[in-house]
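1. Fold the following.
(one chain, ligands or ions: 2)
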Amino acid sequence: MQLVIDTDAGVDDAQAIIMALTTPGVEVTAFTTVTGNVHVSHVNRNVFTVLDLMGKTAPVYPGADQPLLPGFWEPEERVHGQDGLGGCQGPARRHHRLESEPAAAALVRLANERPGELTLVALGPLTNLALACRLDPGFPAKIKQFVFMGGTMSGFGNTRNVTAEFNAFCDPEAGLITLEAFAEATMLCWETTIQHPFSWEQYDRLAAIDTPAGRFFRDSTHATAAYIRQFPQVRGYLLPDPLAMAIALDPALIQGCEHAYVTMEVQGTHTRGQTVIDRLGVLGRAPNTYVVTDLDTDGVYRMYERMLGA
Ligand code: BDR
Ligand code: CA
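-> Residues are numbered from 1 along each chain as shown. Ligands and ions are numbered 1, 2, ... in the order given. Sure thing, here's the model as predicted:
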């Protein structure tokens, strides 16, 4: 698998990246970065931090520093800390250089160089992907598999627009453009995240793994785990981006999904950024998205044991 990871890393993005970097048979061809959880300048540094931790290298293309429409974005420091990695920057890092090519241009070029070969996993706001679709309308058709973390399937969101999930909330216009452009996408939404946590016992076992990756997991998730534990509706440690990455790497983990036309609400007093799923086909549009509703969390747990070096 040749994988391109678009990320706003991000504590859970970091885990998804470690998962990809440690899965046999996966070549991480490139990272593209985007403002989301934190500003893209932090995201760039965080990707290098994770690469260093895992002793890997890959080109990192700097992406959009703000959503298509300014004025709505705000960082998610409650969950990810001011630096985006829960204050866990690890040891002094090697010399790294960002690529000079902007993310959207790199996405278009890579897809042209390897048509039908790339798996694209998007873990943040879809700003870079929307720009790539506008640069080259043929871009989506050259992607082999497109998986994204974002959206809601029943309006249970996690932002101040209560029906919107964070990545969609950050850049709804980009979500709209991207969903309209891809004939086929796989969506890992917020409700599926809520319904498929690790139990706190599983979390504690993983946080006790005494390897560099295990210690990074423990330290970078410390504040996030404390934050999540405040919410009685949440039954354990949540895995938004890691679940998206897991199903991209191993689609056999998917145990249920709906296939429907999905688009994005870009207006609405309370609903800007809500994904709209046309289950009855009233809009007369062909289904464009597999909305994952159920998956094998124990299989994902086994991936974590392996990637943290248990
Ligand atoms: C998504 O928003 C970010 O905070 C996470 O990294 C994840 O991509 C969850 O809503
Ligand atoms: Ca993310």
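2. tell me which residues in the longest strand along the chain are buried?
-> Identified as the longest strand of the chain according to DSSP state E is strand 254-264. Buried residues in strand 254-264, counted by 16 or more other CB atoms under 10 Å: 254, 257, 260, 261, 262, 263, 264. Any C-beta I mention is one placed from the backbone N, CA and C, and that applies to glycine too.
3. and the second one, what is it in contact with?
-> The neighbourhood of residue 257, defined by CB atoms under 8 Å, 6 or more residues apart in numbering, consists of 186, 290, 291, 292, 293, 294.
4. Could you list which of the buried residues of strand 254-264 also contact ligand 1?
-> With the criterion set as CB under 6 Å from any ligand atom, no member of the buried residues of strand 254-264 is near ligand 1.
5. Can I get the buried part of the contacts of residue 257 as one PyMOL selection?
-> Applied in PyMOL, the following selects the buried portion of those according to 16+ other CB under 10 Å:
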select buried, resi 186+290+291+292+293
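6. what about the closest residue to ligand 1 within the stretch 1-150 of the chain, neighbour count?
-> Closest residue of the stretch 1-150 of the chain to ligand 1, CB to the nearest ligand atom: residue 10 (4.0 Å). The number of residues packed near residue 10 is 29, by other CB atoms under 10 Å.
7. From what I see, it and residue 86 are in contact.
-> No: Residue 10 is beyond contact range of residue 86, at 9.9 Å (criterion: CB atoms under 8 Å).
8. Mind listing the shared neighbours of those two?
-> Common neighbours of residue 10 and residue 86, counting by CB under 8 Å, 6+ apart, are residue 80.
9. Now for residue 89: which residues touch it?
-> Residue 89 touches 45, 49, 83, counting by CB under 8 Å, 6+ apart.
10. mind running it again at 6 Å?
-> For residue 89, the contacting residues are residue 49, by CB atoms under 6 Å, 6 or more residues apart in numbering.
11. How about residue 68, nearest residue that isn't a chain neighbour?
-> Distance criterion CB to CB, 6 or more residues apart in numbering; nearest residue to residue 68, sequence neighbours excluded, is residue 173 at 4.6 Å.
12. Doesn't that neighbour lie inside a helix?
-> Yes: with DSSP: H, G, I helix; E, B strand; the rest coil as the criterion, residue 173 is part of a helix.
13. quick one: is stretch 80-96 near ligand 2?
-> No: Stretch 80-96 stays clear of ligand 2 (CB under 5 Å from the ion), getting no nearer than 8.6 Å.
14. and the end-to-end length of that stretch?
-> By CA to CA, to the nearest Å, the extent of stretch 80-96 from end to end equals 23 Å.
15. how far out from the middle of the chain is it?
-> Distance of stretch 80-96 from the chain centroid (CA atoms, centre = their mean, to the nearest Å) equals 18 Å.
16. May I see the buried residues of it?
-> 80, 81, 83, 84, 85, 86, 88, 89.
17. Distance check, the third one against residue 158.
-> Distance of residue 83 to residue 158, given as CB to CB, to the nearest Å: 21 Å.
18. just the first one next, same as before
-> Plainly put, residue 80 is 13 Å away from residue 158 if you go by CB to CB.
19. Could you look up the SS state of the residue in the stretch 201-310 of the chain positioned nearest to ligand 2?
-> Using CB to the ion, the single residue of the stretch 201-310 of the chain nearest to ligand 2 is residue 241, 4.7 Å away. Assigned with three-state DSSP, residue 241 falls in the helix class.
20. Check the contact between it and residue 12; I expect there is one.
-> Yes: using CB atoms under 6 Å, residue 241 is in contact with residue 12, at 4.3 Å.
21. Neighbour count: the two, which is higher?
-> Each of residue 241 and residue 12 has its neighbours counted (other CB under 10 Å); residue 241 has more, 32 against 26.
22. what's near enough to touch that one?
-> 12, 13, 16, 123, 149.
23. so where does the third one fall, helix or strand?
-> Element membership of residue 16 [criterion: DSSP states H and E] is helix 11-21.
24. Count the neighbours of the spatially closest residue to residue 83 that is not a sequence neighbour for me.
-> Spatial nearest neighbour of residue 83, chain neighbours left out: residue 42 (5.7 Å); criterion: CB to CB, 6+ apart. Neighbour count for residue 42, taken as other CB under 10 Å: 22.
25. my read is residue 42 is in a strand, agree?
-> No: in this structure, residue 42 is helix, not part of a strand, as judged by three-state DSSP.
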